[in-house]
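J.: Below: sequence and its predicted model.
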Amino acid sequence: MSVDTAAVVQQPGGPEVASASAVDFETTKEVGYYSLVWRRFRSRKVALVAIAVIVIIAASCFLVPLFLPPNVPDASNPYAGLSAQHPFGTDEIGRDLFTRNLLGGQISLEVGLFAMLVTIIIATALGALSGFVTGIVDGVVTLLTNALLGIPGIVLLILVSKILVSSGLSPVTGVILGIGFISWPQTSRIIRSVVLSLREKEFVEAARALGTTRMRIILRHIVPNALGPIIVSATFAVVGAILLESALSFLGLGIGIPTATWGALLEGGYTATTAHNDFLYALWPGLSILITVLCFAYVGDALRDAFDPRSFER
Amino acid sequence: MTQAPPPPSAPAAPQPAPTPGAERPPLFEVNHLVKHFPVKGNALTGSGAVVQAVSDVSFTIQEGETLGIVGESGCGKTTMGRLLIRLIEATSGSLVYRGVDLRSLAYKDLKPYRAKMQIIFQDPYASLNPRLPVGDIIGEGLYNFGVRHAPDRERIVAQTLDRVGLRKYYINRYPHEFSGGQRQRIGIARALVLQPEFVVADEPVSALDVSIQSQVLNLLKDLQKEFGLTYIFISHNLSVVEHISDRVGVMYLGKIVELASAAELYSNPRHPYTQALLSAVPIPDPTMRRERVLLKGDVPSPINPPSGCRFHTRCPVAQQICTAEDPHFEPKDNNPKHLAACFFSDTQAVKEIAAKLAL
């Protein structure tokens, strides 16, 4: 058996590696760490279904509205029931709720994704720093973490996003940054503890004995080994962000009218339910939130199992 | 193995001119090495207690020899190995390597010595980064010392793999694809790729199957012959240490209590602790029974070591003086190469036990 050496000899540092290599490589099929993770993940059918559902929801939220007619208010037709024209009915000023639900999903998913990114970036940077450097840096970060955890999250979020928006940011950006700001401490704690245990590992000592710089140790030995917990935290950060945004919008303190989000639609549905005794208005946004959050949680669970080092390191 | 490009910044080893007739200067001279780890007390009082992991250890290593260090778990032998190459910082003492006190150097100035001093770890699982392929693991030192061209690095790594008895094409595999013995060979290759002079082998075979242990030990011996390596071989296994070492030091509670050539130590142990250890080594002959020196009690806490001689709480020959004074680490039988820290090493009682143990 022979193999394309170019594929095998890929090393950071140069694309012409294969031709220049003096080593005669026999063929091997390399099984990297991440392909093992994928194999384990793949065996969890629920997680695969969850991913499919997430893809379907995201695709319909972002693609279907492109083919729908513009959603103009129709004051003559408020609170219409289910019909072929309005599958989810209409709201208090006669807008089509099906379209609103899809558009709301766009915002909710965007907030979930970007707030997760903000959370993970802050949490990884501070968690890795405080876990690896320890000492006074660790003390300061831990103090900050505990201080933020000591304030009720939703109250802090209302305050922070209000400040951000009033300083000129768009409401969506304000909410995303606000959620990132109040969510990083939990994740940062997880990452710190992972880094704390990694820095004592013998392969880190070996790297120090070989004269590897601290920055390179963090980037090559610490962060790649912490990537599992980071990715798992990321999926749960999406869940947290979607829920926080919904709660905020439900309270009427979120992104604000006229922008639809699932939380805002839920609030509208709640009003309709109390006024008209018809729970269907709240059902669709509620279900959307529930299903999306459940799917991300299942993916997170499966990822956690797939990354669990005990299952294949020995 | 063909030439790994020598690290560009290799230390210009200051070699004092050897005086004719005198012994060569030692490669490594360890003087009064001490390591105390602070114990975390509660936040208010801060306790201030310390674990005396290594207390006042001194010895020298000649170039090309193997110094074995034995002792039971928690006696400080692993800590000592880490101290020698400054993976952890000593509390006091000096580490003179080819005339340079490593402890006087700033951490960054230590880098040239990193190429010369390496370590092989006990746990072949924890010591290899699971996210990196073998080629990157072994090539890391080469990268750090200026071999930035990947094909060059690969060539040297492949030669090193070959030298430690692994196939070249393993270079792209990941650690989880290997057995414990193979992993340990990868760890050895990583330590040797920079062509060091001095290697701390920290229980390199303790985690391996007995059948694999001898292979790895023989590999270490072959490599020593081939590259003129100097080893500190740390182990709790007396037979393994006897097999591989030229000289052997016995550690108890952070101190070296006896140090002699391997042949001398195993045939004429003069510290009661060494005697107790040796009496526990099984003899591969069912018809023979060895005199047992049984110790009472457990190893005392290194936070609060006993006064005087640290071994007196368990020593079969201890007297009043042992609780009050710490015996000097000094030559026994007027043999300058056999050192022991015991007041009674030269007494008839101890000599008799030594004779019985020697069989």
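T.: Nice, thanks for sending it over.
J.: Next, find the distance separating residue B:216 from residue B:185.
T.: Residue B:216 sits 7 Å away from residue B:185, going by CB to CB, to the nearest Å. The way it works is simple: take the backbone N, C-alpha and C, and place the C-beta from them, glycine included.
J.: Residues of the stretch 101-250 of chain A that sit close to chain B?
T.: By the rule CB under 8 Å from any CB of the partner chain, the part of the stretch 101-250 of chain A lying against chain B is A:201-203, A:205-213, A:220-221, A:224-225, A:227.
J.: Now that we have those, which of them are buried?
T.: A:201-203, A:205-212, A:220-221, A:224-225, A:227 (16 or more other CB atoms under 10 Å in any protein chain shown).
J.: hang on, residue B:58 in a strand?
T.: Yes: checked against DSSP: H, G, I helix; E, B strand; the rest coil, residue B:58 lies within a strand.
J.: Helix or strand: which one has the residue nearest to it when sequence neighbours are not counted?
T.: In space, and not counting its chain neighbours, residue B:58 is closest to residue B:31: 5.1 Å by CB to CB, 6 or more residues apart in numbering or on different chains. For residue B:31, the enclosing helix or strand under DSSP states H and E is strand B:28-38.
J.: neighbouring contacts of stretch B:71-86?
T.: A:205, A:209, B:28, B:30, B:33, B:35, B:53-55, B:57, B:69-70, B:88-90, B:95, B:102-103, B:107, B:110, B:117-119, B:122, B:200, B:202-203, B:232, B:234, B:236, B:250-254, B:277, B:299, B:302 (CB atoms under 8 Å, 6 or more residues apart in numbering or on different chains).
J.: If you drop the residues flanking it in sequence, what lies closest to residue 65?
T.: Here I'm looking at chain A. residue A:102 (5.1 Å).
J.: could you do chain B instead?
T.: residue B:246 (4.4 Å).
J.: ok, that neighbour touching residue B:262?
T.: Yes: using CB atoms under 8 Å, residue B:246 is in contact with residue B:262, at 6.2 Å.
J.: Could I get the contacting residues of the residue lying closest to residue A:307 once chain neighbours are set aside?
T.: Leaving aside its sequence neighbours, residue A:307 sits nearest to residue A:228 (CB to CB, 6+ apart; 3.0 Å). Contacts for residue A:228 (CB under 8 Å, 6+ apart) come out as A:37, A:303, A:304, A:307, A:308, A:309.
J.: now the helix or strand encompassing residue A:228: how far from the chain's centre is it?
T.: Per DSSP H and E: residue A:228 is located in helix A:223-250. On the basis of CA atoms, centre = their mean, to the nearest Å, helix A:223-250 sits 4 Å off its chain's mean C-alpha point.
J.: Going toward the C-terminus from it, what's the next helix or strand?
T.: Next along the chain from helix A:223-250, counting by DSSP H and E, comes helix A:262-276.
J.: counting contacts, what elements does that next one pack onto?
T.: In terms of contacts (3 or more CB pairs under 8 Å, 6 or more residues apart in numbering or on different chains; DSSP states H and E), helix A:262-276 is packed against helix A:97-133, helix A:223-250, helix A:280-307.
J.: how about the contacts of residue A:228, which pair is most distant?
T.: A:303 and A:309 (13.1 Å; CB to CB).
J.: lowest average confidence, helix or strand, in the chain?
T.: With no chain named, the answer covers chain A. helix A:17-20 (a mean of 38; mean pLDDT, DSSP states H and E).
J.: Wait, residue B:51 touches residue B:40, no?
T.: No: under the criterion of CB under 8 Å, residue B:51 makes no contact with residue B:40, lying 10.8 Å away.
J.: Who has more neighbours out of those two?
T.: More neighbours surround residue B:51 than the other of residue B:51 and residue B:40, with 19 against 9 (other CB atoms under 10 Å in any protein chain shown).
J.: nearest spatial neighbour of that one, skipping sequence neighbours?
T.: residue B:37 (4.4 Å).
J.: surely that neighbour meets residue B:50?
T.: Yes: the pair residue B:37 / residue B:50 is scored as a contact, 6.2 Å apart, by CB under 8 Å.
J.: Span of stretch B:303-320 from start to end?
T.: 23 Å (CA to CA, to the nearest Å).
J.: Give me the contact list for it.
T.: Stretch B:303-320 is contacted from outside by B:39, B:49-52, B:55, B:252-255, B:257, B:271-273, B:276, B:293, B:295-297, B:299-300, B:321-327, B:341-344, B:347, B:349-350, using CB under 8 Å, 6+ apart.
J.: what about it, distance to the chain center?
T.: Centre to centre, stretch against its chain (CA atoms, centre = their mean), the figure for stretch B:303-320 is 25 Å.
J.: for stretch B:167-183, same thing?
T.: 26 Å.
J.: Just the buried residues of that stretch, please?
T.: For stretch B:167-183, by 16+ other CB under 10 Å, it's B:168-176, B:178, B:180-183.
J.: and the stretch 1-150 of chain B, which of its residues are near chain A?
T.: B:82, B:85, B:87, B:111, B:114-115, B:117-119, B:121-123, B:125-133, B:135-137, B:140-141, B:144-145, B:148-150.
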